[in-house]
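Engineer: Here is my input; please provide its structure:
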Amino acid sequence: MYPDGDQNLNYETDTAVYFFTSAFEPLNNWSAHQVKLWGKNFPTVEHAFHYRKFSDAEPQVAEQILLAPSPWATVQIERVHRGSRRPDWQSVKVDIMTEIVTAKAAQNQDVHDCLLKTGNKTIIENSPWDSFWGIGPDGQGQNQMGRILTKIRSELA
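Structural biologist: Reported below is the predicted structural model:
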């Protein structure tokens with residue numbers, strides 16, 4: 001399974017890089033947890049999220065995203081086609097992310113268990129750059145991802 005959260009398994013020194021799966025990796029949208037939604041099988045939450053931006057307006061872009069080899073590749077495809085994503089995206093993105101992450105937790109037992117393992121603690125996406133989904137560079141971001149995970153956790157408990 002996953003290591004305890006208090007283990008510092010990911011760090012670097014002047015001469016080496018130490019890495020291992022983190023305790024809360026299942027909560028990451030880039031984690032290798034398949035999500036089945038909308039009649040499709042997505043390799044990650046990130047694939048499903050970016051797919052939904054284009055599934056109605058630009059189905060060929062959505063298909064590229066679905067077939068992308070990694071979450072990072074989905075981001076790159078989205079950036080190239082950002083101008084043609086669905087026009088209501090800003091108003092629906094939180095609901096869509098909630099739908100996807102709820103499906104991820106329901107379809108993957110380790111995600112479900114990891115989420116419940118957080119107990120009553122505040123869940124924070126510690127993103128150093130994203131002030132909408134995470135807390136951003138100044139720690140004052142909206143933390144929408146943490147809010148979504150907390151909501152799903154309360155529904156599971």
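Engineer: So which bits of the helix or strand that contains E155 are buried?
Structural biologist: Element membership for E155 (DSSP states H and E) is helix 144-156. By neighbour count with 16 or more other C-beta atoms under 10 Å, helix 144-156 contains the buried residues 144-150, 152-153. Any C-beta I mention is one placed from the backbone N, CA and C, and that applies to glycine too.
Engineer: domain ranges for this structure?
Structural biologist: 33-89, 108-157 (automatic domain parsing).
Engineer: Figure out how far the helix holding E155 is from the centre of its chain.
Structural biologist: 12 Å (C-alpha atoms, centre = their mean, to the nearest Å).
Engineer: and the longest helix belonging to the chain, what other elements does it pack with?
Structural biologist: In the chain, with assignment by DSSP state H, the single longest helix is helix 89-107. Contacts defined by 3 or more C-beta pairs under 8 Å, 6 or more residues apart in numbering; DSSP states H and E place helix 89-107 against strand 35-37, helix 45-54, helix 109-117, helix 144-156.
Engineer: can you tell me which of the domains of the chain comes nearest to A16?
Structural biologist: Ranking those by proximity to A16 (C-beta to C-beta) places domain 108-157 first, at 22.1 Å.
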